[in-house]
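Engineer: Predicted model and sequence follow; I will ask about them next.
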Amino acid sequence: MPVVKSEEREAPNRGTVAAAVVFDDLVYLFVLTFAMGPVLFGSRLLLVPLALALLPQLAIFTILLWPSLYDALAAPVGRIRVLHRFQPQIDVLGPSFRRLVSVRTLVPVVIVDALCAGLSVALYGLGLAAVHATSPTSPSSSNTC
């Protein structure tokens with residue numbers, strides 16, 4: 001039984017739903033990665049993991065936003081036997097994702113995701129404080145259990 005009943009008779013396309021999920025997840029990961037910036041400015045060692053986290057995100061954004069590249073990669077993926085049944089969703093994913101990348105959609109999503117990322121970072125900070133850690137990389141010697 002569906003949680004939300006559609007006013008339309010036909011169900012939403014699964015590729016369109018997948019594009020919306022991928023869009024929000026990628027935006028959230030970008031915002032969360034940059035929310036960790038203040039921690040990273042104190043440690044050059046953590047800049048490498050940040051770069052490693054950003055590279056796949058940038059690659060996925062590039063593939064999804066560049067129609068000819070997406071089409072060139074989506075076709076071979078759809079021919080893989082295990083993934084062949086997802087071909088209809090793969091065909092719709094790229095164009096649906098590109099429709100979501102507009103100021104009208106992007107600004108509210110970034111605002112909400114920034115709020116969520118801020119809450120996540122604050123919760124992480126509270127967790128560190130609860131275990132008396134002095135920094136994210138080294139717990140203090142006063143920890144007692």
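Structural biologist: Noted; the coordinates are in hand.

Engineer: Quickly find the element holding Gly15.
Structural biologist: For Gly15, the host element (DSSP states H and E) is helix 14-35.

Engineer: ok, and for that helix, which residues are buried?
Structural biologist: 15-16, 18-20, 22-23, 26-33, 35 (16 or more other Cβ atoms under 10 Å). Using the backbone N, CA and C atoms, a C-beta is placed for each residue, glycine as well.

Engineer: Is it correct that Ala20 is in contact with Val92?
Structural biologist: No. Using Cβ atoms under 8 Å, Ala20 is not in contact with Val92; the gap is 11.2 Å.

Engineer: which residues sit in contact with Val22?
Structural biologist: Ile60, Leu64, Leu93, Phe97 (Cβ atoms under 8 Å, 6 or more residues apart in numbering).

Engineer: who's in contact with the first one?
Structural biologist: The contact partners of Ile60, by Cβ under 8 Å, 6+ apart, come to Val22, Leu26.

Engineer: count of residues packed around the residue lying closest to Gly78 once chain neighbours are set aside?
Structural biologist: Using Cβ to Cβ, 6 or more residues apart in numbering and skipping the chain neighbours, the partner closest in space to Gly78 is Gln87 (3.8 Å). By other Cβ atoms under 10 Å, 16 other residues sit near Gln87.

Engineer: what separates whichever helix or strand Gln87 is part of from the chain centre, distance-wise?
Structural biologist: With secondary structure defined by DSSP H and E, Gln87 is part of helix 87-100. The chain centroid and the centroid of helix 87-100 are separated by 16 Å under Cα atoms, centre = their mean, to the nearest Å.

Engineer: following it, which helix or strand shows up next?
Structural biologist: Past helix 87-100, the next helix or strand by DSSP H and E is helix 103-130.

Engineer: chain center to that following helix: distance?
Structural biologist: With Cα atoms, centre = their mean, you get 12 Å for helix 103-130.
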